[in-house]
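Asks: Just need the structure, nothing else, for what follows:
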Amino acid sequence: MKMKHFMFVLAAAFLITLAFIGCSQKSGASADGAVTEITLISNKIEIDEALKGFAAVYEKQTGIKVNIRSFGGETPYAPNIAAMFNSGTEPEIFVFEGRAGYEDARNSGRLTDLSGEPWVNDTDVAYIDPVDGKVIGFPVAIEGWGLGYNKELLAKAGVDPRTLVNIDGIRAAFEKIDSMKGTLGIDAVVSMVSGPGMTWVTGLHGVNSYLTLGLPYTNSTKYIDMLNNGQVDSERLTRFAEYMNLLFRYSNRNTLLTGGYDQQLGDYAIGKTVFIHQGNWTDPTFADLGITFEMGYVPHAFLPETTDGIFVGAPSYYIINAKSKGIEEARKFLIAMSSTPEGHDYMVNKAGMVPAFKSCRLQPAGQFSKAVQEWSAQGKIYSWQQNDMPDGFGMNILGPIFGQMAAGQIDVREFVNLFTRAVADIK
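Replies: Model prediction:
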């Protein structure tokens, strides 16, 4: 009887041990405490398959399993990541996009200092903590925009894109091209929109020109700081308004006032305009439309001095969660993504992204994406700060003011006054 009791206790102990080991492994650690699994939460559902493919390659090479969970589309990222945190789940890597996401991560103690990582010197678009200057965000990819142009039509007009780096060069080019519309077979110089549903083009991307053109890429927040404190630089704002009015004046009026995204891209795609105010996210649409002409970017150069750069930034960043258990393995995974042939292949060929790292020599397929990569490699870039305005301010408050000027209801002076008053109301 004693022997049976002993065997029962031994078996029970064995089962408990197995259960403990199982729980340990499920939580991402082996029996000896070594981390064997980490989790990455993505906000780009469109790259989920490619990201999982890279994770599988990484596991085969290192033995570390990287669980990928992606939210997006009909399953919004923000409430799902918040629900995970509230339930006590702490993934090793997760995403933030702008100032609000950064502040949430900082206030909750989830930021990890990444300043010493080897990829930091390989990119110009890491997220820098505005409080202490540490690198805390790994750029998922880069996107960018300038004033897109049709290389064939610009050459036919006899305009050298290298001269389009200040307002005098742009104004002269617009005047010349406008006088040659019949010869070039175009309806307008620029494909531009300002109507309902398209205020992100003017109130966000347009306003970013005012905020960052000509400023050093890092630690230059003069105009966004002024704006968030209810102030503007009147001289700079006036020059910016004059430039936007120039785009409006040389656009197809119907497209400008009532056209949507498809119409704006369509006018440019069929060669009815030389220029377009859009970013490299248009590449898939242009590929579907079968565009064969070459394209490139010139700056939104609204100042009299030379501003030889376009707007490039990371739409989102990976954070290594300071509250997670696999911080070191998370570091290694991001290093592999940024520096290995497999990581580069994933970013460019599998996920179709423009890599944020200079060491990646692979070329994206889209022409505007190639242009963004070329400008970035030369370091000729200005930052994105439009997302640091108050939520909804650019599209809902400033956007309609652009619409009024586009429609001829107000002039540049009145635009500046309305813009200035709207900014003052922030405080």
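
Asks: hey, let's count contacts and neighbours off CA atoms from now on
Replies: Noted.

Asks: hang on, isn't I426 packed against N229?
Replies: Yes: counting by C-alpha atoms under 8 Å, I426 sits close enough to N229 to count as a contact (7.1 Å).

Asks: Tell me what I41 is bridged to.
Replies: Each beta-bridge partner of I41 is listed here, defined by DSSP bridges: R69.

Asks: pLDDT wise, what is it at?
Replies: pLDDT, I41: 97.

Asks: That one: how many residues sit nearby?
Replies: Using other C-alpha atoms under 10 Å, I41 is surrounded by 21 other residues.

Asks: element containing L256, please.
Replies: Of the helices and strands defined by DSSP states H and E, L256 is found in helix 253-258.

Asks: Return the set of buried residues in the helix or strand that A56 is a member of.
Replies: Secondary structure assigned from DSSP H and E places A56 in helix 48-62. For helix 48-62, a neighbour-count test (16 or more other C-alpha atoms under 10 Å) marks 48, 50-52, 54-59 as buried.

Asks: ok, those vs K370, which is closest?
Replies: A50 (20.3 Å; C-alpha to C-alpha).

Asks: need the contact list for the residue nearest to T202 when sequence neighbours are not counted.
Replies: The shortest distance from T202 to any residue that is not its chain neighbour, by C-alpha to C-alpha, 6 or more residues apart in numbering, is 5.9 Å, and that residue is G399. G399 makes contact with 194, 199-200, 202-204, according to C-alpha atoms under 8 Å, 6 or more residues apart in numbering.

Asks: Can you lay out these as JSON lines showing neighbour count, secondary structure and pLDDT?
Replies: Shown next, in JSON lines, are the contacts of G399 (neighbours: other C-alpha atoms under 10 Å; DSSP: H, G, I helix; E, B strand; the rest coil; pLDDT from 0 to 100):
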{"residue": "S194", "neighbour count": "27", "secondary structure": "coil", "pLDDT": "97"}
{"residue": "T199", "neighbour count": "23", "secondary structure": "helix", "pLDDT": "94"}
{"residue": "W200", "neighbour count": "21", "secondary structure": "helix", "pLDDT": "92"}
{"residue": "T202", "neighbour count": "25", "secondary structure": "helix", "pLDDT": "97"}
{"residue": "G203", "neighbour count": "24", "secondary structure": "helix", "pLDDT": "96"}
{"residue": "L204", "neighbour count": "23", "secondary structure": "helix", "pLDDT": "93"}
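
Asks: quick one: which of those is nearest T221?
Replies: Distances from T221 to the contacts of G399, taken by C-alpha to C-alpha, are shortest for L204, at 16.1 Å.

Asks: TSV for the contacts of G399, including distance to H300?
Replies: Formatted as TSV, the entries for these read as follows, by distance: C-alpha to C-alpha, whole Å:
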residue	distance to H300
S194	16
T199	17
W200	16
T202	13
G203	15
L204	14
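
Asks: The spatially most central residue of the chain: which element?
Replies: For the chain, the residue nearest the mean C-alpha position is P315 (2.2 Å; C-alpha atoms, centre = their mean). Using DSSP H and E, P315 is not contained in any helix or strand.

Asks: Hmm, E97 and it touching each other?
Replies: Yes: proximity of P315 to E97 meets the contact threshold set by C-alpha under 8 Å, at 6.1 Å.

Asks: so where's the chain uncertain?
Replies: Applying pLDDT under 70 to the chain picks out residues 1-27, 31-32, 73-74.

Asks: where do the strands sit along it?
Replies: Secondary structure of the chain by DSSP state E: the strands cover 37-42, 65-70, 93-96, 127-128, 135-139, 143-145, 147-150, 190-191, 275-276, 295-298, 310-313, 317-320, 381-382.

Asks: Go ahead and name everything in contact with the second one.
Replies: Under the contact criterion C-alpha under 8 Å, 6+ apart, strand 65-70 has outside partners 36-45, 48, 51-52, 55-56, 58-59, 77.

Asks: ok, 7 Å please
Replies: By C-alpha atoms under 7 Å, 6 or more residues apart in numbering, the list of residues contacting strand 65-70 from outside reads 36-45, 48, 52, 55, 59.

Asks: Same check on the first one?
Replies: Judged by C-alpha under 7 Å, 6+ apart, the contacts made with strand 37-42 from elsewhere in the structure are 28-29, 64-71, 91-95, 326, 330.

Asks: Now a ChimeraX select for only the buried ones of those.
Replies: The command below creates a ChimeraX selection of those among these that count as buried (16+ other C-alpha under 10 Å):
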select :28,29,64,65,66,67,68,69,70,71,91,92,93,94,95,326,330
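
Asks: So which residues of the stretch 151-300 of the chain form helices?
Replies: 151-156, 167-178, 181-184, 199-200, 207-212, 222-228, 234-249, 253-258, 261-269, 283-288 (DSSP state H, counting those that start in this stretch).

Asks: out of those, deepest packed?
Replies: Per-residue neighbour counts averaged over each of the helices of the stretch 151-300 of the chain give the maximum for helix 207-212, namely a mean of 24 (mean count of other C-alpha atoms under 10 Å).

Asks: And it, how far out from the chain middle?
Replies: Going by C-alpha atoms, centre = their mean, to the nearest Å, the spacing between the C-alpha centre of helix 207-212 and its chain's C-alpha centre is 15 Å.

Asks: Pull the residues that contact it.
Replies: 223-224, 237, 240, 300, 382-386.

Asks: before we move on, what about stretch 81-95?
Replies: Counting by C-alpha under 7 Å, 6+ apart, the neighbours of stretch 81-95 from elsewhere in the structure are 38-43, 316-321, 323-324, 326-327, 330.

Asks: I'd like to know how far K134 sits from N219.
Replies: Using C-alpha to C-alpha, to the nearest Å, we find K134 at a distance of 12 Å from N219.

Asks: And those two? Which one has more around it.
Replies: Neighbours were tallied for K134 and for N219 using other C-alpha under 10 Å; the higher tally belongs to K134 (16 against 12).

Asks: ok now do that one, which residues does it touch?
Replies: Each residue near K134 by C-alpha under 7 Å, 6+ apart is listed here: 113, 115, 128.

Asks: and the last one, how many residues sit next to it?
Replies: The local packing of I128 (other C-alpha under 10 Å) involves 18 other residues.

Asks: likewise the one 5 residues further on?
Replies: For G133, the neighbour count with other C-alpha under 10 Å is 12.

Asks: Offset the numbering so it begins at 40, please.
Replies: I'll keep to 40 as the first residue from here, and by that count the last item is G172.

Asks: give the contact list for the residue lying closest to I181 once chain neighbours are set aside.
Replies: In this structure, I181 finds its nearest non-sequential neighbour in A353, 4.4 Å apart by C-alpha to C-alpha, 6+ apart. Under the criterion of C-alpha under 7 Å, 6+ apart, the neighbours of A353 are 164, 178-182.
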